[in-house]
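S.K.: Sequence below, structure please.
(chains A, B, C and D)
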There are 2 protein chains.
Amino acid sequence: MLYAVVMSSALPPFPKPHEPFETPSLLEVGTAPGEPGLRADAARNRARLLEAAARLIAEHGVAGVTMEAVAAAADVGKGTVFRRFGDRTGLLMALLDHSARRLQADFLSGPPPLGPGAPPLERLRAFGVAVLYRTAEQLDLQLAAQPEPTRRFVHPAAGALRAHLTMLLRQTVPGGDCDLLAHTLLASLDPALIHHLTRQCEMPMERLEAAWLDLVARVTRTDPPD
Amino acid sequence: MLYAVVMSSALPPFPKPHEPFETPSLLEVGTAPGEPGLRADAARNRARLLEAAARLIAEHGVAGVTMEAVAAAADVGKGTVFRRFGDRTGLLMALLDHSARRLQADFLSGPPPLGPGAPPLERLRAFGVAVLYRTAEQLDLQLAAQPEPTRRFVHPAAGALRAHLTMLLRQTVPGGDCDLLAHTLLASLDPALIHHLTRQCEMPMERLEAAWLDLVARVTRTDPPD
DNA sequence: TGACGATCCGGACCGAAGTCCGTTTAAGTG
DNA sequence: CACTTAAACGGACTTCGGTCCGGATCGTCA
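M.R.: Here you go, the predicted structure:
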């Protein structure tokens, strides 16, 4: 169980300033490459670190995930953690990577209505609902893994979601500025917002779900379902 | 000029965990109370600190605004900075307070189409455009003043914007879930997003403006202007 | 197998945010 | 004008993220 969250990451081994955005191919998605081209000891330490981090979260919550604590728990030097994951956000992102890949696989090649086969409008609806519940499931981790504002939109995982959403919008809102609409729609599914609404305002998830469906209907100028 | 940004703040003298949200009354807005009930020395130091912070920004950019640097520049102890502003975010927010109040005054009691007098739909359009340009003007500061995710939506200034937006939506989208729609619309004006679009994607402001108008049209199910 | 170069390791080190608490001072009160 | 006390002050201290670089290790090629 601990293990499910532990293997693999799409992050580059070290943060290159402006790596060109790379959409994960269908072939890659769902595999757990474990960072090919990593030296044996490096790969071993990487796995240890992720395992240690997951254990720390289970025991002390996300706040207990200190870079030094993780290093110590993995019996590894602190520098190693940073070399492998870049920064704390990178480490937490790596923990989320497994579920991110699963979600991507689901809407890229899974069964309808999320995957291909259903009409775009229905996929759009399903997309938001899926993201919504996935985020709610891992809210604490998602929240803590939020990068600083200037990097929020350049991260590959966010980019993949946005690319897919944009694609669905192009099929649904031919006349619109789909890139910007995608940003807006994604923003309404932001972890921080979901946290605020569900935990601070105590709204039920059903209301958020309904709001997504309503928003999609308005943006696409269609009728709401049911 | 330095001075314009320096006076007053709506922040509580010290962060009370769950202060009930307080909509600023029309009478308050536009005045620069300078924290009534503050001891003379405290008020003096507060002013000094804001002045010092503004000077540091002018000289070294937002990154140069270190709590210790500000304290030193104001010839004051470090503890004083934290007691007065709570944390770094609080200090930066206080620097933005003046322009925040002006914006509020503009849409609460200024001339149409932003202020009362124009039809709600037009006020809605003007609102977004105003927020958009104000944010773009102070982008660096707005970005740096972004609080941690869990506080992003509880801050009074954000709350005031949202309250006003919600009010306009109720008059324009009677059937909708206006609270959530307000969140979504505000999210599309988020400083981090504007930064990404204008600086990292190099989109012109005109496109963002057009996207806002389009979004409003879709959400309200009306025709776009012009 | 032995040697070499690229990669990785570790932990000392640094800077900055935020805390703590003993000391000082503003501003009412008799 | 003492006197009192709540408020404010200051700066040492703690914690944590992130950097650096001398030394250890891996993998490869002769």
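S.K.: could I get the particular helix or strand that has A:Met167 in it in CSV with only the CA atoms?
M.R.: Of the helices and strands defined by DSSP states H and E, A:Met167 is found in helix A:156-172. What follows is helix A:156-172, C-alpha atoms only, in CSV (Å, rounded to 0.1, in the frame of the first residue of the first chain):
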residue,chain,number,x,y,z
PRO,A,156,4.6,18.8,-16.6
ALA,A,157,1.7,17.2,-14.7
ALA,A,158,-0.3,20.4,-14.7
GLY,A,159,0.6,20.8,-18.4
ALA,A,160,-0.7,17.4,-19.3
LEU,A,161,-4.0,18.1,-17.7
ARG,A,162,-4.3,21.4,-19.4
ALA,A,163,-3.3,20.0,-22.8
HIS,A,164,-6.0,17.4,-22.6
LEU,A,165,-8.6,19.9,-21.4
THR,A,166,-7.7,22.2,-24.2
MET,A,167,-8.1,19.5,-26.7
LEU,A,168,-11.6,18.7,-25.4
LEU,A,169,-12.5,22.3,-25.5
ARG,A,170,-11.4,22.7,-29.1
GLN,A,171,-13.9,20.0,-30.0
THR,A,172,-16.6,21.6,-27.9
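S.K.: got a list of contacts for that helix?
M.R.: A:10-11, A:21-24, A:93, A:96-97, A:100, A:104, A:107-108, A:120-121, A:123-124, A:127, A:131, A:152-153, A:176, A:178-179, A:181-183, A:185-186, A:219-220 (CB atoms under 8 Å, 6 or more residues apart in numbering or on different chains). Using the backbone N, CA and C atoms, a C-beta is placed for each residue, glycine as well.
S.K.: same thing with stretch A:205-223?
M.R.: A:121, A:124-125, A:128-129, A:132-133, A:136, A:169, A:172-173, A:176, A:181, A:184-185, A:188-189, A:194, A:197-198, A:224-225, B:176-177, B:180-181, B:184, B:215, B:218-219, B:221.
S.K.: before we move on, what about stretch A:114-129?
M.R.: A:106-109, A:111-113, A:130, A:164-165, A:168-169, A:171-172, A:185, A:188-189, A:209, A:212-213, A:215-216, A:220, A:222, A:225.
S.K.: which phi and psi does the closest residue to A:Arg48 other than its chain neighbours have?
M.R.: Excluding its sequence neighbours, the residue lying closest to A:Arg48 (CB to CB, 6 or more residues apart in numbering or on different chains) is A:Ala74, at 4.2 Å. Phi and psi for A:Ala74, reported as degrees, to the nearest 10, are phi -90, psi 0.
S.K.: And for the one 3 residues further on?
M.R.: Summarising the backbone geometry of A:Gly77 under the convention degrees, to the nearest 10, its torsions are phi -70, psi 160.
S.K.: Surely it and A:Met67 touch.
M.R.: No. Counting by CB atoms under 8 Å, A:Gly77 stays clear of A:Met67, with 10.8 Å between them.
S.K.: and these two? which has more neighbours close in?
M.R.: A:Met67 (17 against 13; other CB atoms under 10 Å in any protein chain shown).
S.K.: Check whether the more buried one really touches A:Arg83, as I assumed.
M.R.: No. Using CB under 8 Å, A:Met67 makes no contact with A:Arg83, being 11.6 Å away.
S.K.: how about the helix or strand hosting A:Leu96: buried residues?
M.R.: Assessed by DSSP H and E, A:Leu96 sits inside helix A:88-109. Using 16 or more other CB atoms under 10 Å in any protein chain shown as the test for burial, helix A:88-109 gives A:88-101, A:103-108.
S.K.: circling back to that earlier point, now for the residue nearest to A:Arg48, how many residues are close by?
M.R.: A:Ala74 has 21 nearby residues by other CB under 10 Å.
S.K.: Distance of it relative to A:Leu91?
M.R.: 11 Å (CB to CB, to the nearest Å).
S.K.: hey, what's in contact with both of these two?
M.R.: A:49, A:81.
S.K.: that older thread, what angle do helix A:156-172 and the helix holding A:Leu96 make with each other?
M.R.: 30 degrees (axes from the mean of the first three to the mean of the last three CA atoms, to 10 degrees).
S.K.: check whether helix A:88-109 contacts DNA strand D.
M.R.: Yes. Helix A:88-109 reaches DNA strand D (CB under 7 Å from any atom of the strand) through A:88-89.
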